[in-house]
Structures are given as C-alpha cells and as structure tokens.
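In: predicted coordinates and the sequence they were generated for:
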Amino acid sequence: MTDLPAGASLRVHDGQIVTFYSYKGGTGRTMALANVAWILAANGRRVLVADWDLESPGLDRFFQPFLRGRDVREEPGIIDMIRDYERVAKKTEAAKRDGIITDLSRVQRYAFSLDWDFPGDGSLDFLSPGKQNRDYVATLSALDWDSFYESLSGGQFLDALRADMKKNYDYVLIDSRTGLSDIADICTVHLPDVLVDCFTLSTQGIEGAAKVAQLVRQRQLHADRAIRVLPVPMRIDRAEKEKADAGRLVAMLNFAGLPEGLSDAQRREYWTSIEVPYQAFYAYEETLATFGDPPGVPSRVPAK
C-alpha cells in the first residue's frame, strides 16, 4: 500500500467490486480473498466480503475468531435477500418496482461487522450465503434465475445491489462458486469491476480459467462497462521449478493480452510477481496468514 500524508483519507470515493473466481476447486481462492480483505481493512478501508459460493460456502471459517459468537449458518444473507425481493416483486407490477428494488437491495440489512478494531476508518463486514437450515438446499434449488431476470426485474435488482455496495464500501470482495452456471455469471459478469481469475498450473486449470476470461471479455463488448480480468496462478510449488516454469509459460500463452492496459514488459513483470506460492502449513486449516505466519491464531478476540 502507498503511504499517505498524515491525516489523509484512505476512503475510495467510488467503491470497487472484486470477484475471486476459479474454474476448478482447490486453488486457494477463498483463502486469498480472506487475506486480501483483512489487509485492505487493516489499511483503513471499509470492506465487505460476500460468500456467493452458495452450494459450498466456507468463507466464514477464515473469520471464525472474529464472529462474536455468531453462527453464520443462522444469519440471513444472499439467498434470503433474493427470496425476500422475489416475494415482494411477484406482488408488484413491473412499472412500480423501482421503490422496492431500492429498499430491498440495501446490503447492510444483511451484512454484519467482524469483531476487530481496524485502524482509521477500516472495517470488515460479512455477507453470508443465507440461513443454512433444513430448507437451505431446497430454497437454493428452487431459485429460477431465468424467471428472476425475465419476469421479476432481477437485472435491475442486481444493478441496485451493485450500486448500494459501491456506495457503502471501498471494496467488496465476492467469493464466487466454481465452474459455469447462472450464479457464477452473476459473480463474474454482472457485479464486478475486477475479476481475479484464480487457477493452478495444471492443463485443466489453465484452460478452464482462460476460457472464462475469454467469455467475460466477449460479454463485456455488449455491456456499458469494462471488467478488468487479472489472471492469478495459485498454489505454486517452487520445489518443482521446471514444471512451474513450463506451466507459467503455458498460462501466459493462454491468457495472451491479459491483463489489459500493460506494455509487454509490464505484463512480463506482472506474471513473475503475482503468483501465490504453495505453503503446506495452510493446507490443514482455514487460517489467515496475518495470524498464521508465524503460526498462532488468537484464541480469543481482544476486548474493545
């Protein structure tokens, strides 16, 4: 982070939404998001993290010591927000939905703050996937995204949600589900300003992530804003230098031209500096590197 003069504001006037995505699981995507969120909050930013991996949520595990005894599985979140809107929208004529869209898309009705004193204006809020009770799977399966978009003004609702998040936070970090799906499309195309495209240096990992990056670039040709795609190699085992070098070269070829807006020299520098190394210590439990290196997660949250 760049040092600022004493007294200077750390607030970003127009917040940014950043989606962390991986085509395959097991990349370390969620851990990377959790650590970036903590670093940003520790540097005075107002941060929201949202667990949009609705079918396999787990972002909360990295923040367990700071949840004030909350059971995230009992907290309303993304699914509840969408279902609440659906119920009201079905009873409201399309021409009269503007008011309910504005009211029901306010993310702070569902998000809650972690228990930690960050410096300055720093804060870290959490948006859960939704109440994970016995009806969770049935509710998730019942979501009809085609109807949501086509009949219930779902696109406008997500636009309003995006605007509300950008207004209230400096950074919103979204943990997307893997693969190709309606939910992944919301996270990779509809909501973000930046897409962090995470992948391991396997053939399948590289090709899948590159395919998604290309799809995002194609779709944004018909949109009114550009999404910056940042390919990020993950879990790099430097003990296997030859394989890592070969995989890195294949990745650079598959992601040709990315990130956009860089010279060839800058792009080479990006690829040599951005990758996330594999650390065996973090393979065994969900631990923030801020506390795990050196080892040791606080046993309790310091009293305020």
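Out: Received it, and whenever you're ready, just let me know what you need. Numbers count the residues shown, from 1 in each chain.

In: return the distance of the closest residue to G120 other than its chain neighbours relative to F126.
Out: Beyond its immediate neighbours in the sequence, the residue positioned closest to G120 (C-beta to C-beta, 6 or more residues apart in numbering) is G44, lying 3.5 Å away. In short, each C-beta sits where N, CA and C put it, glycine included. For G44, the distance to F126 equals 18 Å [C-beta to C-beta, to the nearest Å].

In: quick one on the thing from earlier: and the residue nearest to G120, what element?
Out: Counting by DSSP states H and E, no helix or strand carries G44.

In: mind checking which of G44 and F126 has more residues around it?
Out: F126 (24 against 19; other C-beta atoms under 10 Å).

In: helix or strand for that one, just tell me which one.
Out: Counting by DSSP H and E, F126 is found in strand 123-127.

In: chain center to that strand, what's the gap?
Out: Here strand 123-127 is found 12 Å from its chain centre; the criterion is C-alpha atoms, centre = their mean, to the nearest Å.

In: can you tell me the strand partners of that strand and which way each runs?
Out: Taking DSSP bridges as the criterion, strand 123-127 sits next to strand 46-52 (parallel), strand 112-113 (antiparallel) in its sheet.

In: looking at these, which is buried most?
Out: strand 46-52 (a mean of 25; mean count of other C-beta atoms under 10 Å).

In: how many residues are close by V18?
Out: The number of residues packed near V18 is 21, by other C-beta under 10 Å.

In: beta partners of it?
Out: As assigned using DSSP bridges, the partners bridged with V18 are L173, V194.

In: how close does it get to L48?
Out: 11 Å.

In: what is in contact with these two at once?
Out: Y171, V172, L173 (C-beta atoms under 8 Å, 6 or more residues apart in numbering).

In: can you redo those residues as JSON lines with pLDDT, neighbour count and distance to P57?
Out: Formatted as JSON lines, the shared contacts of V18 and L48 follow (pLDDT from 0 to 100; neighbours: other C-beta atoms under 10 Å; distance: C-beta to C-beta, whole Å):
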{"residue": "Y171", "pLDDT": "98", "neighbour count": "23", "distance to P57": "20"}
{"residue": "V172", "pLDDT": "98", "neighbour count": "29", "distance to P57": "17"}
{"residue": "L173", "pLDDT": "98", "neighbour count": "25", "distance to P57": "15"}
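
In: just the CA trace of the strand holding F126, in PDB.
Out: Output in PDB follows, covering the C-alpha atoms of strand 123-127 (Å, rounded to 0.1, in the frame of the first residue of the first chain):
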ATOM      1  CA  SER A 123     -13.900  -2.200   8.900                       C
ATOM      2  CA  LEU A 124     -14.700  -5.700   7.600                       C
ATOM      3  CA  ASP A 125     -18.300  -6.700   7.100                       C
ATOM      4  CA  PHE A 126     -19.500 -10.200   6.200                       C
ATOM      5  CA  LEU A 127     -22.400 -11.200   4.000                       C
END
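
In: if you count contacts, what does the lowest-mean-pLDDT helix or strand in the chain end up packed against?
Out: Lowest by mean pLDDT, DSSP states H and E among the helices and strands of the chain is helix 289-292, with a mean of 79. Packing contacts for helix 289-292, counted by 3 or more C-beta pairs under 8 Å, 6 or more residues apart in numbering; DSSP states H and E, involve helix 29-42.

In: buried residues in the helix it packs on, which are they?
Out: For helix 29-42, burial by neighbour count (16 or more other C-beta atoms under 10 Å) applies to 29-38, 40-42.

In: tell me the one of the residues you listed nearest A184?
Out: R29 (12.2 Å; C-beta to C-beta).

In: would you mind confirming that that closest one makes contact with Y21?
Out: Yes - between R29 and Y21 a contact is recorded at 7.1 Å, counting by C-beta atoms under 8 Å.
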